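Novice: Sequence unavailable; structure follows:
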Ligand SMILES: Nc1nc2c(ncn2[C@@H]2O[C@H](COP(=O)(O)OP(=O)(O)OP(=O)(O)O)[C@@H](O)[C@H]2O)c(=O)[nH]1
């Protein structure tokens with residue numbers, strides 16, 4: 001096997017693998033397309049420019065569909081493999097891997113059928129290529145991509161948009177820097193109006209990767225020739241122009257053999273008064289050799305960058321696979337293990353949020369440090385202990401006989417009434433912390449990488465965690481309300497024992513002590529003092545609750561969440577059957593699809609790497 005053969009063959013094999021995986025450029029591949037990195041030769045030309053004829057001549061066989069309208073509606077990747085002299089010619093399609101076609105009329109029919117299989121009878125075009133390999137002693141190793149002919153008008157049965165669609169598709173091939181453009185123009189038409197040259201000029205202005213081919217030299221008006229074009233004066237390219245004489249329509253109708261046609265072409269140039277001096281560099285056989293050599297050298301130059309692209313893609317795919325997670329086992333034990341592992345990962349993240357390391361836990365402290373004190377400050381004690389209300393409550397408590405020394409019942413009622421107000425902020429703290437925890441559960445689920453692939457398990461964990469948080473909240477409420485109730489069930493005796501002293505201190509701002517005490521007994525000052533005594537008692541209770549509510553909340557909710565958020569879930573898990581477990585591990589179909597795609601791609605890239613390695617060794 002020569003180096004040339006193996007290099008082009010190498011690219012052929014990689015190209016075929018790409019098509020199998022749906023990587024033929026375009027599309028929204030996350031990864032750089034291998035296809036696009038591979039050098040290729042794309043054949044472009046306007047309608048009736050002689051594109052099919054050139055291809056058939058290069059192959060030495062007629063096998064392309066003919067007809068009116070746009071016949072080529074999918075790219076045809078034509079891979080030519082030279083075989084030993086005398087061996088039988090045959091063709092193979094990638095989509096029919098087991099069949100060898102020796103009748104090229106059947107090949108033509110199959111191209112038509114396969115075109116319709118994707119595009120339907122609607123005569124639409126499709127970018128999905130058909131791969132055809134031809135093994136023959138009459139070819140050189142070469143790969144060509146036949147593209148739909150550029151056209152200006154849609155014909156009957158074809159949608160208007162097809163003109164633009166074709167140009168877009170052809171452009172998507174030829175604009176790739178690795179694409180060699182075989183631009184076909186007929187000689188009996190002004191080169192300035194050639195569709196192929198127009199497009200080539202746009203995408204390859206320096207003419208580095210364009211090969212100009214001039215067909216129909218025999219159809220030029222008598223007395224004119226194409227030397228200005230062929231010698232590069234009309235339109236300059238980096239590579240020399242190649243003139244071609246294909247079979248005429250009459251030849252085709254007469255079924256003139258392709259090999260005979262090649263010979264006639266050779267004779268045409270050899271005997272031509274105009275082109276005789278260029279004869280060795282004209283004709284379809286020469287063109288095929290020229291392209292083969294060029295493609296080989298382009299591939300050789302590209303191998304290092306293809307290799308590095310492949311290695312980079314393999315790395316990317318490996319890490320993508322790690323990220324997506326490997327496929328799950330089928331037996332119940334392994335599934336239970338997977339579920340537990342994923343749950344643990346979630347719990348770990350949730351704890352990190354509370355303990356620090358991840359944000360969010362500080363918001364619990366925010367509740368105690370800001371929300372609770374602010375709520376306590378806002379309680380309407382001013383209104384409750386207004387002179388008017390104090391008077392009313394104390395009088396009502398006294399009944400028909402006003403109190404004699406101190407309004408014991410009045411104090412109790414005022415205090416009890418005030419203490420009731422503490423329920424609000426106490427319960428609100430429980431709710432606030434509940435919402436912080438709930439949010440942290442949500443965040444932790446989103447952040448648990450291992451959970452991403454299991455939407456069902458995600459929902460199950462969320463439900464279990466939220467159910468647990470609700471239980472903790474109920475417990476928290478019961479506890480804080482109890483703290484408040486405890487305050488009203490037994491008042492701090494000492495506080496009141498100290499009161500008479502304070503009364504005198506407060507009630508004696510420097511005047512006569514006896515007179516003040518006597519006149520104030522049932523006056524405004526008396527009630528104001530009661531109000532202020534109750535107020536300072538309430539202040540004391542408020543300080544106590546400010547400290548004890550957070551303790552209760554942490555005890556009932558935060559600590560529980562950390563310790564036993566999923567305890568019940570685990571208990572239920574133990575009772576589940578294999579079927580229920582595998583239901584929990586139902587994966588997101590999109591993700592399964594992605595894993596499959598990535599796995600296939602990885603296989604492709606690894607195979608490509610092996611191919612390249614083996615070629616490098618034989619060199
Ligand atoms: N005499 C002569 N006729 C040619 C030559 N090249 C092509 N033709 C004729 O021109 C017509 C169109 O040639 P094709 O090879 O079908 O051209 P095409 O570009 O593939 O055409 P479409 O696929 O229909 O767009 C056919 O009748 C060919 O016989 C040539 O070099 N000399």
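Specialist: In hand now; what should we look at? All values reported here derive from a predicted model rather than from experimental measurement. Numbers count the residues shown, from 1 in each chain.
Novice: Tally up the residues packed near the closest residue to residue 158 other than its chain neighbours, please.
Specialist: Leaving aside its sequence neighbours, residue 158 sits nearest to residue 123 (CB to CB, 6 or more residues apart in numbering; 4.6 Å). C-betas here are computed from N, CA, C, even on glycine. Residue 123: 19 surrounding residues under other CB atoms under 10 Å.
Novice: what's the answer for the one 5 residues further on, then?
Specialist: Other residues near residue 128 come to 14 when the count uses other CB under 10 Å.
Novice: thinking residue 241 is in contact with residue 207, fair?
Specialist: No: at 10.6 Å, residue 241 does not count as touching residue 207 under the criterion of CB atoms under 8 Å.
Novice: So between the two, which is more surrounded?
Specialist: residue 241 (24 against 19).
Novice: The stretch 51-200 of the chain: strands as residue ranges?
Specialist: 76-82, 90-93, 96-101, 130-136, 142-146, 179-186 (DSSP state E, counting those that start in this stretch).
Novice: List the buried residues for the third one?
Specialist: To tie it back to what came earlier, the one meant is strand 96-101. Residues residue 101 are the ones in strand 96-101 that count as buried (16 or more other CB atoms under 10 Å).
Novice: Parallel or antiparallel, which strands does it pair with?
Specialist: Note on strand 96-101: by DSSP bridges, its sheet partners are strand 90-93 (antiparallel).
Novice: same question, the fifth one
Specialist: Strand 142-146 pairs in its sheet with strand 40-45 (parallel), strand 76-82 (antiparallel), by DSSP bridges.
Novice: Now do the first one, average pLDDT.
Specialist: Confidence for strand 40-45, expressed as mean pLDDT, is 92.
Novice: Now do the SS call for residue 367.
Specialist: helix (DSSP: H, G, I helix; E, B strand; the rest coil).
Novice: Leaving out the residues flanking it, which one is nearest to it?
Specialist: In space, residue 367 is closest to residue 432, 4.5 Å off (CB to CB, 6+ apart).
Novice: Check which element follows the helix or strand the one you found falls within along the chain.
Specialist: With secondary structure defined by DSSP states H and E, residue 432 is part of helix 423-447. Per DSSP H and E, helix 423-447 leads on to helix 455-489 as the next helix or strand towards the C-terminus.
Novice: What's the first helix or strand after that following helix?
Specialist: Helix 455-489 is succeeded, C-terminally, by helix 493-497 (DSSP H and E).
Novice: pLDDT averaged over that next one - what is it?
Specialist: Averaged over helix 493-497, pLDDT sits at 83.
Novice: Outside of that helix itself, list whatever touches it.
Specialist: Helix 493-497 is contacted from outside by 411, 537, 540, using CB atoms under 8 Å, 6 or more residues apart in numbering.
Novice: so how far is that helix off the chain centroid?
Specialist: Centroid separation between helix 493-497 and its chain, computed with CA atoms, centre = their mean, to the nearest Å, is 70 Å.
Novice: do the same with stretch 175-193
Specialist: 38 Å.
Novice: close to the ligand, is it?
Specialist: No: shown here: stretch 175-193 not in contact with the ligand (CB under 6 Å from any ligand atom), separated by at least 6.8 Å.
Novice: got the buried residues for that stretch?
Specialist: 176, 178-187, 189, 191.
Novice: before we move on, the earlier item: give me the subset of the contacts of helix 493-497 lying in helices.
Specialist: Under the assignment DSSP state H, these contribute 411, 537, 540 to helices.
Novice: Quick one: low-confidence residue ranges for the stretch 401-550 of the chain.
Specialist: 500-522 (pLDDT under 70).
Novice: Can you tell me which residue of it sits closest to the ligand?
Specialist: Nearest residue of the stretch 401-550 of the chain to the ligand (CB to the nearest ligand atom) works out as residue 453 at 48.9 Å.
Novice: Look up phi and psi at that residue.
Specialist: phi -80, psi -10 (degrees, to the nearest 10).
Novice: Isn't it up against residue 593?
Specialist: No: counting by CB under 8 Å, residue 593 is not a contact partner of residue 453; they are 11.6 Å apart.
Novice: And the two? Which one has more around it.
Specialist: Neighbour totals were compared for residue 453 and residue 593, and residue 453 leads with 22 against 11 (other CB under 10 Å).
Novice: sorry, back to before: how many other residues sit next to the residue nearest to residue 367?
Specialist: 20.
Novice: ditto for the one 10 residues further on
Specialist: A count of neighbours around residue 442, defined by other CB under 10 Å, yields 13.
Novice: Spatially, what comes nearest to it if we skip its sequence neighbours?
Specialist: For residue 442, the spatially nearest residue (CB to CB, 6+ apart) is residue 462, at 7.3 Å.
Novice: List the residues that contact that neighbour.
Specialist: So residue 462 contacts 441, 442, 445 (CB under 8 Å, 6+ apart).
Novice: Check residue 248 too.
Specialist: 218, 219.
Novice: And it, what's its pLDDT?
Specialist: In this prediction residue 248 is given a pLDDT of 92.
Novice: Return the distance of it relative to the ligand.
Specialist: Separation of residue 248 from the ligand (CB to the nearest ligand atom, to the nearest Å): 3 Å.
Novice: Please apply the same query to residue 143.
Specialist: As defined by CB to the nearest ligand atom, residue 143 lies at a distance of 19 Å from the ligand.
Novice: give me the number of residues near that residue?
Specialist: 24.
Novice: With residue 66 instead?
Specialist: Using other CB under 10 Å: residue 66 sits among 10 other residues.
Novice: and if you look at residue 526?
Specialist: 19.
Novice: moving C-terminal of the one helix or strand it maps to, what's the next helix or strand?
Specialist: Here residue 526, judged by DSSP H and E, is contained in helix 524-553. For helix 524-553, the succeeding helix or strand toward the C-terminus, using DSSP H and E, is helix 559-564.
Novice: on that earlier part again, so which of the strands paired with strand 142-146 gets nearest residue 227?
Specialist: Nearest to residue 227 among these is strand 40-45 (21.2 Å), distances taken as CB to CB.
Novice: Now do the contacts for the residue in the stretch 301-450 of the chain that the ligand sits nearest to.
Specialist: The nearest approach of the stretch 301-450 of the chain to the ligand comes at residue 302, 29.2 Å away (CB to the nearest ligand atom). Applying CB under 8 Å, 6+ apart to residue 302 gives the contacts 37, 38, 39, 178.
Novice: quick one: contacts for the spatially closest residue to residue 554 that is not a sequence neighbour?
Specialist: Excluding the flanking residues, the one nearest residue 554 by CB to CB, 6+ apart is residue 364, at 7.7 Å. By CB under 8 Å, 6+ apart, residue 364 lies in contact with 354, 433, 436, 437, 554, 558.
Novice: and if we set it to 10 Å?
Specialist: 353-354, 429, 432-433, 436-437, 440, 550, 553-554, 557-558, 561 (CB atoms under 10 Å, 6 or more residues apart in numbering).
Novice: tell me which of those is nearest to residue 499?
Specialist: residue 550 (30.2 Å).
Novice: sorry, back to before: would you reformat the buried residues of stretch 175-193 as a markdown table and include pLDDT?
Specialist: What follows is these, written out as a markdown table (pLDDT from 0 to 100):
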| residue | pLDDT |
| --- | --- |
| 176 | 88 |
| 178 | 87 |
| 179 | 91 |
| 180 | 93 |
| 181 | 96 |
| 182 | 96 |
| 183 | 96 |
| 184 | 96 |
| 185 | 96 |
| 186 | 95 |
| 187 | 94 |
| 189 | 91 |
| 191 | 91 |
